[in-house]
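>>> Provided below are the primary sequence and the corresponding predicted coordinates.
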Amino acid sequence: MKTALILAAIAATSIGSVAAQNNNNNNADQPTSKDTGTRFWEARLAGGSYMVALNRVTSISKHTYLVGNIEVTEVVIDTDGNSLARFYAATSAGSDADVNIIKNTQNRLEELTREQGARAGLKGTPVVKNYPTTTHAKTVEYNVDNTKALDSLFNSVKRAWERNKGARFTSK
């Protein structure tokens, strides 16, 4: 009887050990307590820096819309944290006469913004907010020089998120 109990205990231990090995093999891609698997994506821009843990990203998007005669292309990174990040580039849209008027106005506004930013010790082109129309609660905003740089930024964060591999995007 004792021999049977000992054999049953050995068999149960062996089965549990095999099951644990199978579970460990099936979860080989999942991080262990020593390797959390946390990867970061970072953007370094003239107007500031942004860093996010890839496992906290819930969505990324890129879209274009019009605000008057200004075409805005925007990349949004949403996280399960307390804020989301908006990266955008604005260009003029409309007739040649409208485009020239808007470009001149936009250039003067950007020039004034840079001058004020320089006086305050800021580098790059600061984000200009028109309260309350362009203000979003819990939103971090970055102005990117052009849509080509914005496309590169979007592709960088998308690749990093898909691969769960940290990356850094830089645009000055």
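Here it is on my side, so go on. If you're wondering where the values come from, they're calculated on a predicted model, not measured in any experiment. Numbering: from 1, shown residues only.

>>> elements contacting the helix or strand hosting Ala118?
Assigned by DSSP states H and E, Ala118 falls within helix 96-119. Packed against helix 96-119 by the contact rule (3 or more Cβ pairs under 8 Å, 6 or more residues apart in numbering; DSSP states H and E) you find strand 84-92. Yep, even glycine has a C-beta here, placed from its N, CA and C like the rest.

>>> which parts of the strand it packs on are buried?
Leu84, Ala85, Arg86, Phe87, Tyr88, Ala89, Ala90, Ser92 (16 or more other Cβ atoms under 10 Å).

>>> surely the first one is in contact with Ala137?
In this case it means Leu84. No - under the criterion of Cβ atoms under 8 Å, Leu84 makes no contact with Ala137, lying 10.2 Å away.

>>> which residue ranges of this protein form helices?
2-26, 96-119, 147-163 (DSSP state H).

>>> which stretch in those is the model least sure about?
Lowest mean pLDDT within these: helix 2-26, at a mean of 42.

>>> between the buried residues of strand 84-92, which sits nearest Ala149?
Ala89 (7.0 Å; Cβ to Cβ).
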